[in-house]
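Participant: below are the sequence and a predicted model for it; my questions follow.
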Amino acid sequence: MKEQAKYIEEHKDRFLEELKDLLRIPSISADSKYKEDVMKTAEAVGKSLKEAGADKVEICPTPGYPIVYAEKMISADLPTVLVYGHYDVQPPDPLNLWKSGPFEPVIKETETHPKGAIFARGACDDKGQMFMHVKAFEVMNKTNTLACNVKFMIEGEEEVGSANLGWFVERNKEKLDSDVILISDTGILANDTPSITTGLRGLSYVEVKVTGPNRDLHSGLYGGAVANPINILTRMIASLHDENNHITIPGFYDDVDELSDEERAEMAKAPFNLERYKKALDIKDVWGEKGYATMERNSIRPTLDVNGIWGGYTGEGAKTVIASEAFAKISMRLVPHQEPEKITQLFKKHLESIAPEAVTVEVTPHHGGDPYVSPTDSAGYQAASKAMEKTFGKKPVPVRSGGSIPIVALFERELGVKSILMGFGLDSDAIHSPNEHFGLFNFYKGIETIPLFHKYFAEFK
């Protein structure tokens with residue numbers, strides 16, 4: 001649509017500056033000292049939606065951080081698109097690895113993004129991608145091309161497990177009534193190879209505490225006679241994978257959805273360059289479960305990874321001590337038919353069973369989520385595919401992602417609506433890592449593509 005393209009071109013610099021303003025606010029939901037900043041971000045998102053043309057904007061309280069709700073209902077005869085996103089971000093640590101301030105957005109050219117990328121925490125996950133929808137909504141309103149009713153539900157707790165989103169959804173089903181949920185919290189294979197995510201892994205996230213003696217001990221006086229919780233914890237963790245990188249927890253694979261040879265062959269058609277993959281990560285070789293390709297290991301197979309481990313003395317210099325306690329945070333990515341609660345209990349039972357009597361083990365569940373698979377024959381998928389084909393000049397590839405968005409399964413269960421995962425980020429955008437960024441090409445391509453999704457969804461629906 002020429003009028004949309006003209007509007008985007010005329011206002012693209014302003015769009016970017018407004019995104020920078022949003023990225024400057026450290027909306028870290030995991031750290032309570034940033035509570036005011038998280039609340040400030042919710043207000044900023046609400047203000048942006050109002051200015052973009054929403055008829056109703058509400059900052060809806062929950063037992064945790066608020067959910068920003070907005071809507072523009074133009075006709076009962078038209079379908080309704082519910083846009084989901086989140087305004088909270090991951091902690092930026094380790095700060096010393098950032099080449100520029102995590103909340104001081106800057107534009108830099110990279111090999112992957114020769115047209116420039118915006119570097120800041122939340123640039124891709126998910127402020128940049130969520131903001132594409134706000135600006136696309138503005139474009140449609142200002143050019144009188146809105147083809148569907150639109151609702152927004154933007155939350156502030158996604159990075160800590162969306163603890164109160166279910167609470168909100170359960171109490172607002174009528175308000176959230178819609179025909180499809182559109183989410184941009186995923187990515188594409190490459191800027192010249194568009195893709196649509198059709199599957200997500202589930203998640204079980206736990207914290208482990210191993211306790212030995214009742215206080216830290218002198219490693220000379222007690223070493224060799226008393227169990228060292230750090231040694232024990234690392235030994236137990238190492239035993240959770242065998243020589244084939246197969247997870248050793250009894251029952252872990254019982255419910256795993258095994259894809260057929262035909263399905264795996266279709267997956268293998270997606271473009272993937274192993275050498276480029278290794279070069280991008282600066283590794284000599286890949287690592288994973290025997291018998292599966294890299295793209296299978298990070299999408300259709302379950303995993304178990306240590307996300308953090310600590311205990312004892314880690315300050316400058318030396319301190320000869322046997323720590324009283326050792327800790328680890330562990331995430332398990334799950335595939336269809338695996339239930340997070342069941343996997344958490346299997347993990348807990350197994351870890352307790354292999355712990356020696358010299359220590360005690362405590363497993364604390366944090367958050368989790370169900371796996372999700374979306375059909376490719378729905379009106380929503382067809383609309384997304386046609387929209388991306390129009391703007392990228394190439395039909396998108398359906399792919400399964402290794403990531404987790406726990407609320408997608410919740411939406412289908414509570415609202416009875418399918419979600420379309422039409423993201424625009426790249427795997428190389430360093431989400432959750434230092435120097436997170438989002439390509440300007442991707443940001444503007446999203447703003448260009450989203451209105452077409454609305455147009456085609458109205459036609460297919």
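Facilitator: Received it, and whenever you're ready, just let me know what you need.
Participant: need the contact list for the closest residue to residue 288 other than its chain neighbours.
Facilitator: Nearest non-adjacent residue to residue 288, counting by CB to CB, 6 or more residues apart in numbering: residue 297, 3.9 Å away. From N, CA and C alone the C-beta is placed, and that goes for glycine too. Residues near residue 297 by CB atoms under 8 Å, 6 or more residues apart in numbering: 286, 288, 289, 303.
Participant: a strand runs through residue 153, doesn't it?
Facilitator: Yes. The assignment for residue 153 by DSSP: H, G, I helix; E, B strand; the rest coil puts it in a strand.
Participant: how many other residues sit next to it?
Facilitator: Using other CB atoms under 10 Å, the number of residues around residue 153 comes to 25.
Participant: ditto for residue 291
Facilitator: 11.
Participant: re the thing from before, residue 437: which of the contacts of residue 297 is nearest?
Facilitator: Among the contacts of residue 297, residue 286 lies closest to residue 437 (CB to CB), at 23.7 Å.
Participant: list the residues that contact the closest residue in space to the closest one that isn't next to it in sequence.
Facilitator: Nearest residue to residue 286, sequence neighbours excluded (CB to CB, 6+ apart): residue 294, at 5.3 Å. Listed by CB under 8 Å, 6+ apart, the contact set of residue 294 reads 272, 274, 277, 286, 288.
Participant: kindly report the same for residue 370.
Facilitator: 202, 334, 339, 340, 406, 409, 410.
Participant: circling back: among the contacts of residue 297, which lie within strands?
Facilitator: Residues of the contacts of residue 297 located in strands (DSSP state E): residue 303.
Participant: could the contacts of residue 297 go into a markdown table alongside pLDDT, distance to residue 351 and neighbour count?
Facilitator: Formatted as a markdown table, the contacts of residue 297 follow (pLDDT from 0 to 100; distance: CB to CB, whole Å; neighbours: other CB atoms under 10 Å):
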| residue | pLDDT | distance to residue 351 | neighbour count |
| --- | --- | --- | --- |
| 286 | 97 | 27 | 13 |
| 288 | 97 | 22 | 15 |
| 289 | 97 | 20 | 16 |
| 303 | 98 | 17 | 18 |
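Participant: which one of the contacts of residue 297 sits closest to residue 346?
Facilitator: residue 303 (14.6 Å).
Participant: so that closest one sits against residue 330, correct?
Facilitator: No. Contact criterion CB atoms under 8 Å: residue 303 and residue 330 do not qualify, at 10.5 Å.
Participant: show me what counts as buried in stretch 290-299.
Facilitator: Neighbour-count burial for stretch 290-299, counted by 16 or more other CB atoms under 10 Å, picks out 293, 295, 296, 297, 298, 299.
Participant: which phi and psi does the fourth one have?
Facilitator: Backbone dihedrals for residue 297, given as degrees, to the nearest 10, come out at phi -60, psi -40.
Participant: likewise for residue 108?
Facilitator: phi -140, psi 150.
Participant: does it touch residue 115 like I think?
Facilitator: No. Counting by CB under 8 Å, residue 108 stays clear of residue 115, with 11.1 Å between them.
Participant: please tell me how far residue 246 sits from residue 442.
Facilitator: Residue 246 sits 36 Å away from residue 442 when distances are taken as CB to CB, to the nearest Å.
Participant: between those two, who's got more neighbours?
Facilitator: For the pair residue 246 and residue 442, the greater number of neighbours falls to residue 442 (26 against 13), based on other CB under 10 Å.
Participant: in a strand, the more buried one, correct?
Facilitator: No. Counting by three-state DSSP, residue 442 falls outside a strand, being helix.
Participant: so it touches residue 425, yeah?
Facilitator: Yes. Using CB under 8 Å, residue 442 is in contact with residue 425, at 6.5 Å.
Participant: which parts of the stretch 151-300 of the chain are strands?
Facilitator: 180-183, 195-200, 202-211, 217-218 (DSSP state E, counting those that start in this stretch).
Participant: what does the second one contact?
Facilitator: Okay, so that is strand 195-200. 186-189, 270, 299-300, 336, 371-376, 381, 384-385, 388, 396-401, 403-405, 408, 420-423.
Participant: now residue 81. Nearest residue, chain neighbours left out?
Facilitator: residue 148 is the one closest to residue 81 (CB to CB, 6+ apart), at 4.8 Å.
Participant: the one you found contacts residue 456, correct?
Facilitator: No. Taking contacts as CB under 8 Å, residue 148 lies outside contact range of residue 456: 10.1 Å.
Participant: neighbour count: the two, which is higher?
Facilitator: Each of residue 148 and residue 456 has its neighbours counted (other CB under 10 Å); residue 148 has more, 26 against 20.
Participant: so where do the helices sit in this protein?
Facilitator: 2-23, 35-52, 127-142, 165-171, 229-238, 261-267, 274-281, 294-297, 340-354, 379-392, 407-415, 440-460 (DSSP state H).
Participant: what packs against the first one?
Facilitator: To tie it back to what came earlier, the one meant is helix 2-23. helix 35-52, strand 117-119, helix 127-142, helix 440-460 (3 or more CB pairs under 8 Å, 6 or more residues apart in numbering; DSSP states H and E).
Participant: same list (the ones you listed) but as JSON lines, adding distance to residue 70 and mean pLDDT.
Facilitator: Below are the helices and strands packed on helix 2-23 laid out as JSON lines (distance: least, CB to CB, whole Å; pLDDT from 0 to 100):
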{"stretch": "helix 35-52", "distance to residue 70": "4", "mean pLDDT": "98"}
{"stretch": "strand 117-119", "distance to residue 70": "24", "mean pLDDT": "98"}
{"stretch": "helix 127-142", "distance to residue 70": "9", "mean pLDDT": "98"}
{"stretch": "helix 440-460", "distance to residue 70": "15", "mean pLDDT": "97"}
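Participant: among the ones you listed, which comes closest to residue 217?
Facilitator: helix 35-52 (38.6 Å).
Participant: kindly format the C-alpha coordinates of the closest one as PDB.
Facilitator: Taking Å, rounded to 0.1, in the frame of the first residue of the first chain, the C-alpha atoms of helix 35-52 are listed here in PDB:
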ATOM      1  CA  LYS A  35      10.100  -1.400  40.200                       C
ATOM      2  CA  GLU A  36       9.500   2.300  39.500                       C
ATOM      3  CA  ASP A  37      11.200   1.900  36.100                       C
ATOM      4  CA  VAL A  38       9.000  -1.000  35.200                       C
ATOM      5  CA  MET A  39       5.900   1.000  36.200                       C
ATOM      6  CA  LYS A  40       7.200   3.900  34.200                       C
ATOM      7  CA  THR A  41       7.600   1.700  31.100                       C
ATOM      8  CA  ALA A  42       4.000   0.500  31.400                       C
ATOM      9  CA  GLU A  43       2.800   4.100  31.400                       C
ATOM     10  CA  ALA A  44       5.100   4.900  28.400                       C
ATOM     11  CA  VAL A  45       3.600   2.000  26.400                       C
ATOM     12  CA  GLY A  46       0.100   3.100  27.200                       C
ATOM     13  CA  LYS A  47       0.900   6.700  26.100                       C
ATOM     14  CA  SER A  48       2.300   5.400  22.800                       C
ATOM     15  CA  LEU A  49      -0.800   3.300  22.100                       C
ATOM     16  CA  LYS A  50      -3.000   6.300  22.900                       C
ATOM     17  CA  GLU A  51      -1.000   8.500  20.500                       C
ATOM     18  CA  ALA A  52      -1.100   5.700  17.900                       C
END
